[in-house]
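A.B. asks: model this:
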Amino acid sequence: MSGKTPNRDIGCTVKSCAYHCGSEDNCSLPGIHVEACPNCGSGTARDESMCGSYRAK
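C.D. replies: Model prediction:
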């Protein structure tokens, strides 16, 4: 977990993100910003939004 404190309110399985808390599958940020995906409009959840707080490791 590298000294990160998991935020139990933000579940996350994106292991490539710098804020991911390893096997905890939580984010270490106090909050996240959800953004609409470019060219969205399909009505499918994964096509409509993304975490705007993501940062690559």
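A.B. asks: rest of the way, CA atoms for contacts and neighbours
C.D. replies: Noted.
A.B. asks: what about stretch 11-18, average pLDDT?
C.D. replies: The pLDDT scores in stretch 11-18 average 95.
A.B. asks: Now do it: everything it contacts.
C.D. replies: His20, Gly22, Asp25, Asn26, Cys27, Tyr54, Arg55, Ala56, Lys57 (CA atoms under 8 Å, 6 or more residues apart in numbering).
A.B. asks: quick check, nearest of the residues you listed to Ala36?
C.D. replies: Tyr54 (13.5 Å; CA to CA).
A.B. asks: Pop out the phi and psi values for that closest one.
C.D. replies: phi -60, psi 140 (degrees, to the nearest 10).
A.B. asks: check contacts around it.
C.D. replies: Counted by CA under 8 Å, 6+ apart, Tyr54 has contacts Cys17, Ala18, Tyr19.
A.B. asks: what sits against the closest residue to Ala18 other than its chain neighbours?
C.D. replies: Among residues not flanking Ala18 along the chain, Lys57 sits closest, at 4.3 Å (CA to CA, 6 or more residues apart in numbering). Going by CA under 8 Å, 6+ apart, Lys57 touches Ser16, Cys17, Ala18.
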